[in-house]
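*Asks:* I'd like to go over a predicted model; first the sequence, then the structure.
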Amino acid sequence: MNLTLATDDSGGPEIFASLQGEGPSAGTPVAFVRLSRCNLACVWCDTAYTWRFEGDNRPHRDCVAFERRANQVTLSPQEAAAQIAALGQKRLVITGGEPLLQAGGLAEMLAHLHDVSVEIETNGTVAAPARLDIRVDQYNVSPKLSHSGNPAELALIPERLDAYAADPRAFFKFVIASPEDVAEVLTLQRRYRIKPSHIFLMAEGTTSAAQRERQAWLSALCLEHGFRMSDRLHIHLYGDTRGT
Ligand code: SF4
């Protein structure tokens, strides 16, 4: 089962080495592979080139419709694994889009990769089948709150959130645009009994200035509720660019 990947600025597959910028592994040198396609449509999505193709009129703040052929590339699982292995990193971050939409191909890809720990970034609406789940060391689960523009019945699937909340490998990362968003996090934390130490709040924003401005009040909310705060290291280092 071939994989559909996002493209980098050269038009090649978005497979690259960088420092993980967010969540519990922030600062760790890793290989990244970015999958194309998503089942949600966040109005502030910073990787809309993975899903908002021409003809898709779901709202996005930039109103850009991406040409599908220029922004998707197909690789066999074996070829994707070879390109990842060539980066020589000990840890792999599988991201998107929503990578678990291609769980079968990912399981095949990982069968060709050995001695690599695996982190999957997901919006928390899709379950990994057992043949993939067995290879996963960490899930970074980012359920989408109402300010994302997604209907709750699509973005917050109770059985999925129950399962991730019970999984010690799962860390929750909530994108926060205003202080009021934290009330929704607290409701989800209580309902699914998520450990505060497994919750990261991360400011929405694709510039260092926006991150710093929101982190000023977000840090106080993390202190108040016992949550962790995630920076977006790659934004400070490289800006909002592909392949970083
Ligand atoms: S779930 Fe992630 S990839 Fe999908 S639209 Fe939202 S931010 Fe973008």
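*Replies:* Here it is on my side, so go on.
*Asks:* Tell me which residues are up against the helix or strand of the chain at the bottom of the mean pLDDT ranking.
*Replies:* Using mean pLDDT, DSSP states H and E, helix 233-238 stands out as the lowest-scoring helix or strand of the chain, at a mean of 93. For helix 233-238, contacts defined as Cβ atoms under 8 Å, 6 or more residues apart in numbering pick out 18-22, 26-27, 205-208, 211, 244. In this view, the C-beta of every residue, glycine as well, is placed from N, C-alpha and C.
*Asks:* Swap in 10 Å and give it another go.
*Replies:* Residues from elsewhere that reach helix 233-238 (Cβ atoms under 10 Å, 6 or more residues apart in numbering): 18-22, 26-27, 32, 46, 203, 205-212, 240-241, 244.
*Asks:* Tell me who's in contact with Asp162.
*Replies:* 191-193.
*Asks:* now those residues: which count as buried?
*Replies:* Neighbour counting by 16 or more other Cβ atoms under 10 Å classes Tyr192 among the contacts of Asp162 as buried.
*Asks:* Return the member of the contacts of Asp162 nearest to the ligand.
*Replies:* Tyr192 (18.3 Å; Cβ to the nearest ligand atom).
*Asks:* For that closest one, which non-adjacent residue is spatially closest?
*Replies:* Ala165 (4.0 Å; Cβ to Cβ, 6 or more residues apart in numbering).
*Asks:* Local confidence estimate at that neighbour?
*Replies:* Note for Ala165: predicted pLDDT of 98.
*Asks:* what number of residues lie near it?
*Replies:* 19 (other Cβ atoms under 10 Å).
*Asks:* Also the one 10 residues further on?
*Replies:* Val175 has 24 neighbouring residues, counting by other Cβ under 10 Å.
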